[in-house]
Each structure stands twice: as structure tokens, then as C-alpha cells.
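Colleague: Whatever this is, show me its structure:
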Amino acid sequence: MVSPARERLLADLSDELQAIDDQGLLRRLTSLEAIDGPRVRIDGRDVVNWCSNDFLGLSLHPALAQAAARAAVEWGIGARASRLLAGTTAWHLRLEESLASWFGAEAALVYPSGYLANLGTLGALLASQDAVFIDRLAHASLFDAARASRATLRVFHHNDTAHLAALLSRASKARRQVVVTEGVFSMEGDCAPLEELLDVAQTHQALVYVDDAHGAFVLGKTGRGTPEAAGVSHERLIYMGTLGKAVGCQGGFVVGPRLLIDFLHNRARTFIYTTALAVPIAAAAVEALRLLKGEPQRRERLRQLTERLHERLAPLQPVSRVRALPSHIVPFVVGEARQALELAQALWERGIWAPAIRPPTVPEGTARLRLNVTALHTEAQIDALAGALRSQVHCKRCS
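Modeller: Model (predicted):
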């Protein structure tokens, strides 16, 4: 028997999807049929991938695959339980020890994803009597975590420490004040002014929580992320990162004092109530960290390619987009969603895959292509991308 309520729901969903499509905001999955470094095959077509977060090119490294395979044979695939039950293995502990050592912390906690790391950690630290202050361009998971915590939420202008100070001064009665930012902003490619944020926070006795998903293992002289690049000690903040980007694996983590990690074991719901990270992934991540210690040339290669792309795109970008410290995330802002879709399609025809990023992921009127440079790209691919963008911009100006 057909359910009338179900039929009404499907009709409503159809109308909503049509409205999304009418705005040029409908999203569909893209299936990769093969991967060969920065080249992928989609619908039988080989294209250069500019939307991968595999910044250091580790996801296809044979050593990681071998580590994962050995662990799978010995331990199986799934972790079989949550971490507080039977889900903690020697590999999980080894990974957390490696992460703590990498960032010079007492301890670390690994979650199955970066999203869960933010929800679990901020959810454990914040409650209704607290106040949280978030950069307006921070990742969606940070906003979701703040809202779920029921803390008073305040949003400060992007990287605007004066606005943050004004908001903090009006929330002095909160039990706990936490300033939340990304290290490298995932859609802007710029870095948070950590030293200034920490100074403001200290003045108002607030904590600073940094989601360094895109900076960890990439930035800094030794790959210790945005804090190291900014000359800031990790001990001054709560530091979160991911294993699914520069490390080429999966998972999120928090590093810090042992007391903090012990507290999260007992209060972080997305840690307590979910199955542990798959054991082969944990083993592969341990191997990735071992490799990165001995291969700083991966970071240097990425830095060189990043500078090359920024140089090639400088004549096409507004002055505000030319950064003193070029990031491996390079936004090419177009404007309206349909314009971004058209540009992405034009590049696709040239063998370049750079999907359009549209609202609500980015603010209205700032649809863009987000170009992610990796250590696996070549100089020729950088130049081909820049040349294709120059050609399209020239065509638009002439039309």
C-alpha cells in the first residue's frame, strides 16, 4: 500500500530540487573511473584534477598501500567496535603517539573524520553557559559544532581581530569563551592571523581553537602547520587537523595536553558513539608520517608549484587576491553561480577538471573555482591551467 505521507514528501523534495536547479546550485556526484597521480578518468575522459586535497601526493604511495594491506591481513578491515569498547588497537595508539610527537604535544585523539573531530571536540568543550566566536568564513563543520553545543554563537568578520575584540568584550559573563578559526581557509586559501587572534583572546581570557585541516603537514619549516608558519607555539591553542588531506588517508585528530585528551575520551560524543577508524587506514597514516619526516622535498615541491601558479594567475586576479604568502589553495572568484559553471565547463573541454564552488559553500556573488595545487602536478600542467584561464577571461572581455 502506498503511503500518502511518503508521496507528499517526494513531491515536496522534487519541488525543492527543481528550485535548487533553477538557481544553478544543483549538485551531482562525479565518479572517478581511474586515478593516475594528478590525472583522473571520468566518463572515459582523462583530465587533470585540480580539486584534490592530496596535497603531498601520498594517497597513492606504495608504502602506504603496503602498510594498509599488511594491517588488513593481520587485523581485518573494520575496527569492529567503538574506541572505548573493542575498537582500540595497537595501530590506533601508535598513530596517536606519532601525531602527538609530530606536533610536540602530550597526547592526541583520532576521530574517523575531521567533521567528527570538530563536532566532538567543540561539543565536549562548550555548553549553554559558554560563548563561541567564529570567523564568518570558517568551515561548515565548525558552525554545526557551535550550534549543536547550544553555546551563544557570535560571528566575527573574516580575519578581523578588532571586530573579534569588540564581540569578546560584550561576552565577559560567559563561563568559557572560545575563538574558532581555520588555519588555512578552505575556500579562500588565506591564513588566519594567529598571533593577533591569540593576543586578543588572551586579553579577554578566551581559548583559541584552530582547524588546520589544510595547513597541517604542509605549512611551516617542518610541516607543523599554520602555527609553525606563523611562529606560534601549539601550546597556546587547541589544535585540530585531518589525515584525509596532506597525509593521504582518512580521519581527523586533536592534539594537546593529556588532560584534554582524557576529557575528550569521556565527553566527545562523536568519539564515544562511533566505530573506530579502520585499522588499515591507521596503519597507513603511521607510515605516511614516517615518510614525511624523511621527505621534506614534498613540501618544497608543493611550495614551488604554488608560487608558479600564483605568478601565472596574478594578472587575472584582483589585487586583493594576490597574497604575500601564497597558499596551495587558490580561489579563482567568478561571481554568479552560472558563470562559475560555464567557466568550469570550458576548462573541462580543455581536459581540466576544476568544479565550480557555489553557494551555500561560499557567500552569494562569490562563486568560484577552487584550484588545489599538489606536489604531483607538473610545471606544464600549471602553465596549461593558467593559459586556459587567461584564454577564457580574454574571451569574456571581448564578448
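Colleague: quick one: contacts for the residue nearest to His377 when sequence neighbours are not counted?
Modeller: Leaving aside its sequence neighbours, His377 sits nearest to Pro38 (C-beta to C-beta, 6 or more residues apart in numbering; 5.0 Å). C-beta: built from backbone N, CA, C; applies to glycine. Pro38 is in contact with 48-49, 52, 374, 376-378, 381, counting by C-beta atoms under 8 Å, 6 or more residues apart in numbering.
Colleague: Ok, Gly220 next?
Modeller: Neighbours of Gly220 in contact, by C-beta under 8 Å, 6+ apart: 226-229.
Colleague: what helix or strand is Val40 on?
Modeller: Secondary-structure assignment from DSSP states H and E places Val40 in strand 39-42.
Colleague: neighbouring contacts of the helix or strand that that strand is followed by?
Modeller: Using DSSP H and E, the helix or strand that follows strand 39-42 in sequence is strand 45-49. Outside strand 45-49, the residues that touch it by C-beta under 8 Å, 6+ apart are 38-41, 348, 351-353, 377, 381, 384-385.
Colleague: Now the buried members of the contacts of Pro38.
Modeller: Using 16 or more other C-beta atoms under 10 Å as the burial test, the contacts of Pro38 include 48-49, 52, 374, 376-377, 381 as buried.
Colleague: before we move on, back to that, for PyMOL, write the select line for the buried members of the contacts of Gly220.
Modeller: Selection of the buried residues among the contacts of Gly220 in PyMOL, burial being defined by 16+ other C-beta under 10 Å:
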select buried, resi 226+227+228+229
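Colleague: and which of the contacts of Gly220 is nearest Glu182?
Modeller: Nearest to Glu182 among the contacts of Gly220: Thr226, at 8.5 Å, using C-beta to C-beta.
Colleague: quick one: contacts for the closest one?
Modeller: By C-beta under 8 Å, 6+ apart, the contact set of Thr226 is 183-184, 191-192, 194, 210, 212, 215-216, 219-220.
Colleague: Which residue, neighbours along the chain excluded, lies closest to Ala192?
Modeller: Thr181 (4.4 Å).
Colleague: Among the buried ones among the contacts of Pro38, which one lies nearest to Ala340?
Modeller: Distance to Ala340, by C-beta to C-beta, is smallest for Asn49 among these, at 17.6 Å.
Colleague: residues touching the nearest residue to that closest one once chain neighbours are set aside, list them.
Modeller: Ranked by C-beta to C-beta, 6+ apart and with sequence neighbours excluded, the top spatial neighbour of Asn49 is Val40, at 4.8 Å. The contact partners of Val40, by C-beta under 8 Å, 6+ apart, come to 32-34, 46-47, 49, 353.
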